[in-house]
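Student: quick one: sequence plus predicted model below, questions after.
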Amino acid sequence: MCDRRMSSQALLGKEHGVVKKKVVLAMRLVVLAGARSKLPRTNFSRELNNVGGLALTWPPPKMESLSYVYCFLLVLSSCKLELGKYAKRILNAWFSNLWEMFFAITMERTLFEVGDCVLQNVLDSFNTSEKSLQQDVITLTKWMQTQPHFPEIMEPKTLQNFLIQNKFSIERCKQKIDMYYTIKSKLPEIYGTINPNSPGMHRARSILYSVLHPRLTKEMCRVLFMKVRNKDRVNELLIGDISRNFINLQELRMREDVVFGDVMVLDCQGLAPLLFKVTPMSMYKSTVLIYERVYSLRLKKVYLLNLPAVGEKILSIVKKIMLPKLFERIEICTAETLKESFPIDMLPKDYGGEGYSLEELKDMWDAKFLEKKDFYDRLDQTRIHENLRPGKLKDDDILGVYGNFKKVDLD
C-alpha cells in the first residue's frame, strides 16, 4: 500500500507516537470486534473500501486469517505521515466512523457466550436457587476475609464458579480455593513462566492450537480444541506449555464464564515428536493435579483424533494417574464422529464444519490475552503468604514435601 516508512528516530516523535498509539489501539479493537462478530467479511470489505476513499480488497486471495487486519494497520502505522491529508483522512475516518460500531460489537459479543438461562439451568440441575447461590458466595467471601495468608478476596463471579464446580459444597470450595493459591508456589515449573503474553507462551501458541470455542454445547459444556499448527516446530513444544495454556484459559473462564462442564477435542496428528519426548512423570502428575484438585474439572468427554501407535502407551500412563470415571470418557474417533457430535455451524472448518476455523479462534484468543495483559501481570504476583497460614493445608499430602510428587508405579 505504501513503501515509504518512518525511521526509528521519527517514530519517537511526539506526533508520531500519539498516532501510533491510536493505531495500535484500533488494531486491537478491530481484531477483537471483527473476530468475535459474525458480520460477513464482505461487509467489512465494503466498510474498508468506503473509509477515506481507501481502495482495498479485503481479504486478499487465500487469506483466511484476521492477521491481515494486523498487517494492514501495522503498515498504516509505519507509513510516513507526510502523505498529508489523505493519511489523516483515513485515520479520522477509522476513528470517527468505525469506533462506535466496533465498540458495540465488542461489547455485545464475548469469547464466552452464555445465554440468560444457562445459570438458572445449572442451578436447577443441582436443585438449588439463585438466592442460595448468593448466600453461599457471601459465606465464602466472609471466610476468605478471615484467612490472612490469602493474597486477595475473590470476586463473586469466581466464587460462583468454584461453587458450581464443587457441587455447592462449601467445605470443598474452601479446600480448592486454598489449593488454587498454594499450588502456584508449589509448582514453579508450571507457574513460573505462565503469562500468556510472554515469549514462551507466544511460541507455544504458534505451534499448537489450544483454544476454547465461544459457544456452549446443548449440555452447557465448553469445548477445547487442540491441534498442531506448525508440524515443523513440534519439537520445540513442551508438555508444560499445554498445561500453562489450559490454566490461562481457565483463569478467564472462572471470571467470565459459567463453568459447568468440559469437552475436549484433541487432534493427535503431528504430535508424535512431543509424545516421544522424555518428560518427567511429575509434569504429567502436576497437570492432572491442577485439573482435578484446583479446578475440579468436570470433564464430560474427550475425543481423540488421529491417535498414533504410541498413543496407546501414553493412554496406559494416563490411566495410572487419572480418575477412572474420567478415563472412561475418552473416545478414539474420526472427523465424521465430530460431525455427529457437534452442530455443523459450531464445528470448526478444519473438521468439515461451518464454524470458526482454529486459526480464527487463535486470533481471537491472542487478542483476548493482549486485552487482559494487566490482569495476567497481576496474577504473576499473586502468591500465598505461607508464614501467615493459620493451619495445615488439608491437601498438603497430595503435594508431598515442597511440591515433589510421590512416585507413581507404571508397571
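Tutor: Here it is on my side, so go on.
Student: hang on, Lys227 packs against Leu358?
Tutor: Yes: using CB atoms under 8 Å, Lys227 is in contact with Leu358, at 5.9 Å. To be clear about C-beta, it is placed using only N, CA and C from the backbone, and glycine gets the same treatment.
Student: quick one: common contacting residues for the two?
Tutor: Shared contacts of Lys227 and Leu358 (CB atoms under 8 Å, 6 or more residues apart in numbering): 209, 350.
Student: give me the phi and psi angles of Thr158.
Tutor: phi -70, psi -40 (degrees, to the nearest 10).
Student: residues contacting it?
Tutor: 254-255.
Student: one more time with 10 Å, if that's ok
Tutor: Going by CB atoms under 10 Å, 6 or more residues apart in numbering, Thr158 touches 137, 140, 177, 180, 251, 253-256, 259.
Student: equivalent analysis for Leu133, please.
Tutor: 119, 122-123, 126, 156, 159-160, 163-164, 168.
Student: how is the chain divided into domains?
Tutor: Per the record, the chain has its domains at 8-108, 111-411, by automatic domain parsing.
Student: go through those domains and find the least confident stretch.
Tutor: When the domains of the chain are ranked by mean pLDDT, domain 8-108 comes last with a mean of 42.
Student: return the subset of the contacts of Leu133 lying in helices.
Tutor: Taking DSSP state H as the definition of helices, the contacts of Leu133 contribute 119, 122-123, 156, 159-160, 163-164.
Student: what is the nearest of those to Ser198?
Tutor: Among the ones in helices among the contacts of Leu133, Leu159 lies closest to Ser198 (CB to CB), at 28.1 Å.
Student: before we move on, the earlier item: mind giving me the PyMOL command for buried ones among the ones in helices among the contacts of Leu133?
Tutor: Remark: buried members of the ones in helices among the contacts of Leu133, expressed as a PyMOL selection using 16 or more other CB atoms under 10 Å:
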select buried, resi 119+122+123+159+160+163+164
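Student: show me the contacts for the nearest residue to Phe162 once chain neighbours are set aside.
Tutor: Using CB to CB, 6 or more residues apart in numbering and skipping the chain neighbours, the partner closest in space to Phe162 is Cys173 (4.8 Å). Taking CB under 10 Å, 6+ apart as the criterion, Cys173 is in contact with 136-137, 139-140, 143, 159, 161-167, 296.
Student: and those as CSV, adding distance to Ser198?
Tutor: What follows is those, written out as CSV (distance: CB to CB, whole Å):
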residue, distance to Ser198
Asp136, 36
Val137, 33
Thr139, 37
Leu140, 31
Trp143, 33
Leu159, 28
Asn161, 25
Phe162, 27
Leu163, 31
Ile164, 30
Gln165, 27
Asn166, 31
Lys167, 35
Ser296, 27
